[in-house]
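Asks: quick one, fold the following:
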Amino acid sequence: MLLQPMFERRGAFMLAAALLLSGTARSQFSILCDCDDAALAPCGNGAGSALWGGCINSLGAKATLDASNGSVSVAADDLQIFAWNLPVGNGLLFMGGARAQVVFGDGFQCVTPGTQGLFRFPVQTADAGGTLSTGPGLVALTHGLLPAAGHIAAGDTWYFQYWYRDPVGPCGTGFNLTNGIGITFAP
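Replies: All right, here's what the predicted structure looks like:
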């Protein structure tokens with residue numbers, strides 16, 4: 001059974017008060033670009049913590065990307081990709097066929113084109129709680145929105161990451177990114 005994340009508002013940013021993940025839920029994705037080392041971060045804005053995430057943003061938090069709600073089944077198409085600890089503002093979900101870790105803005109770009117390409121989903125606005133989400137219906141969305149090379153199919157491995165505006169972020173670039181995640185989809 002997959003359990004929903006529960007969030008609690010504290011101060012200026014959203015904390016994962018109790019992110020309840022079964023072993024099955026957590027094992028459906030791999031974590032990329034966890035910004036836990038200040039020495040490697042773009043402007044020293046890395047921070048070790050028990051929770052994975054991107055580099056520290058203007059809220060003093062690591063924006064975190066997760067995919068533990070739903071399943072990786074293409075037929076079920078019930079997976080939800082969500083991010084939290086974001087400043088209120090616009091963001092984009094990117095999907096690519098390869099992974100990397102390259103300094104980009106106030107964080108790391110984790111998703112690259114690979115042989116399939118790099119795909120961008122529609123602009124979203126983080127709510128007052130600092131969250132964004134895509135899905136359920138991610139598979140259908142790729143089939144309706146993206147060219148054939150970006151359609152999610154069983155057996156595919158795709159990498160995902162949110163890019164978001166952060167006008168007063170610690171490095172002064174005006175944007176940052178969550179960690180990335182890698183997902184291998186099943187029938």
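Asks: helices along the chain, start to end?
Replies: Under the criterion DSSP state H, the chain contains helices at 23-26, 138-145.
Asks: got the contact list for the last one?
Replies: Surrounding helix 138-145, the residues in contact under the criterion CB atoms under 8 Å, 6 or more residues apart in numbering are 74, 77, 79-81, 95, 119, 121-122, 134-135, 150-152, 185. (Each C-beta comes from the backbone N, C-alpha and C, glycine too.)
Asks: for it, what is the average pLDDT?
Replies: In this model, helix 138-145 carries a mean pLDDT of 97.
Asks: now it, how far from the centre of its chain.
Replies: Remark: helix 138-145 is offset 18 Å from the chain centroid, using CA atoms, centre = their mean, to the nearest Å.
Asks: mind listing what's buried in that helix?
Replies: The neighbour-count check on helix 138-145 (16 or more other CB atoms under 10 Å) flags 138-139, 141-142 as buried.
Asks: which among the residues you listed gets closest to residue 63?
Replies: Nearest to residue 63 among the buried residues of helix 138-145 is residue 138, at 19.4 Å by CB to CB.
Asks: who does the residue nearest the centre of the chain form a beta bridge with?
Replies: In the chain, the C-alpha nearest the mean C-alpha coordinate belongs to residue 65, at 3.1 Å (CA atoms, centre = their mean). Beta bridges link residue 65 to residue 83, judged by DSSP bridges.
Asks: contact partners for residue 100?
Replies: 109-112 are the contacts of residue 100 under CB under 8 Å, 6+ apart.
Asks: how does it look with 7 Å?
Replies: Contact analysis of residue 100 by CB atoms under 7 Å, 6 or more residues apart in numbering lists 109-110, 112.
Asks: please apply the same query to residue 62.
Replies: So residue 62 contacts 35, 47, 49, 51, 53-56, 85 (CB under 7 Å, 6+ apart).
Asks: same question, residue 114
Replies: For residue 114, the contacting residues are 96-98, by CB under 7 Å, 6+ apart.
Asks: repeat that for residue 71.
Replies: Per CB under 7 Å, 6+ apart, neighbours of residue 71: 78-79.
Asks: what of the one 4 residues further on?
Replies: Counting by CB under 7 Å, 6+ apart, residue 75 touches residue 187.
Asks: the spatially closest residue to residue 123 that is not a sequence neighbour pairs with what?
Replies: Sequence neighbours aside, residue 90 is the residue nearest to residue 123 in space, at 5.4 Å (criterion: CB to CB, 6 or more residues apart in numbering). Beta bridges link residue 90 to residue 125, judged by DSSP bridges.
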